[in-house]
Each structure stands twice: as structure tokens, then as C-alpha cells.
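*Asks:* Mind looking at a prediction? Sequence and model below.
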Amino acid sequence: MPNVGDHVQGGVLFYSATTFGWVAAEKDLNPAYWGCYQTAIDGTSTALRWGSSNTDIIVSGCTGNTMIAATLCSNYSYSGYTDWFLPSKDELNEMYLAKDIIGGFDMTDNYWSSSQYNDQCAYIQYFLTGTQSELGGKDQLYRVRPIRIYT
């Protein structure tokens, strides 16, 4: 397994466990809406290892708009890798903790997670302070940084 901070499989390894790791894209995608404002998307979780499932749930449940954060991540392709996803709330926090290793974040803005709070809001993280909030209005534009699993 490479070391945290190494450039591998299309991004920067920012988390490493015994059997897997997470790789973050080296740059943000365009700011986007979370999508499905005033529509509950059932089944998302805030937990580690849920970002990929959350992204699939959002993409399949929030149809009709390809310019939402989860779809942008799901459609992202870089360096031959096409299995990118929008991180869960807890995965996003791991990215924040490794922000200096990953680099390229806008420290004055919020980033989307794939974890829904309710029909109007989803979890975001402010990268200047690390504060996470459930009050990210799904109809607001926030930053998007895809990740993928390294195995």
C-alpha cells in the first residue's frame, strides 16, 4: 500500500486502512447543487464507506438534473478511473483532516457531502474551520470534490 500523500490512481491518497484507502481528486469540480430540493432521498448515511452507495442512491433517485454534485462525481473520469463518488459526511471530514496533504481546496467555502439531512438540506463542511452542518440547502451552490476507493 502506498503512503498517505502519494499520488496514486488518479489522485492523492488521503486515508489508508489495512485493506483499502481513499483517493481524492486533485482539484474541485464545478460548484453544484445537491439536487432534489424538497424531495427526500431515502437511504443515505453519514458513515465511513457509504459515499459510493450514497452517490448511487442520489443519482438514481434524483433524476432529471445532471448538474448536481453526485452526478458530477459519478460521471467524473480522470487518469482512466471512472469510479469516483461524492464523499459521505464522515468521509468528507477525513478529507478535511488531510486537506494540507490533498491540497487545492477553497478554504473560504463549503463542500458537499453525499449525506442527506432532510428533504431540504444535506450535510456540508466549511473548510476554513472544519465545521460540519446539516443546514446545507440542497438548492445552494457549494464546492464538489470527488473521491474513490483505493484497493
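*Replies:* Alright, I've got the coordinates.

*Asks:* need the longest helix for the protein.
*Replies:* When the chain is parsed with DSSP state H, its longest helix is helix 51-61.

*Asks:* Distance from the chain centre to it, please.
*Replies:* In terms of C-alpha atoms, centre = their mean, to the nearest Å, the centre of helix 51-61 is set 11 Å apart from its chain centre.

*Asks:* which residues in the chain form helices?
*Replies:* Using DSSP H, helices in the chain cover 51-61, 69-75, 89-97, 99-102.

*Asks:* most tightly surrounded among those?
*Replies:* Counting by mean count of other C-beta atoms under 10 Å, helix 69-75 has the highest mean neighbour count of the helices of the chain, with a mean of 23. Glycine gets a C-beta too; all of them are placed from N, C-alpha and C.

*Asks:* which strands and helices sit next to that helix?
*Replies:* strand 29-32, helix 51-61, strand 110-116, strand 142-144 (3 or more C-beta pairs under 8 Å, 6 or more residues apart in numbering; DSSP states H and E).

*Asks:* Of all the helices of the chain, which one comes closest to residue 8?
*Replies:* For these, distance to residue 8 was read as C-beta to C-beta. The smallest value, 12.5 Å, belongs to helix 99-102.

*Asks:* In terms of pLDDT, where does residue 66 sit?
*Replies:* According to the prediction, residue 66 has pLDDT 78.

*Asks:* if we can go back for a sec, pLDDT of the longest helix of the chain, averaged?
*Replies:* Mean pLDDT, helix 51-61: 97.

*Asks:* tilt between that helix and strand 110-116?
*Replies:* Computed with axes from the mean of the first three to the mean of the last three C-alpha atoms, to 10 degrees, the direction of helix 51-61 lies at 80 degrees from that of strand 110-116.

*Asks:* Next, the angle from helix 51-61 to helix 89-97.
*Replies:* Per the same axes, to 10 degrees, the angle that helix 51-61 makes with helix 89-97 is 120 degrees.
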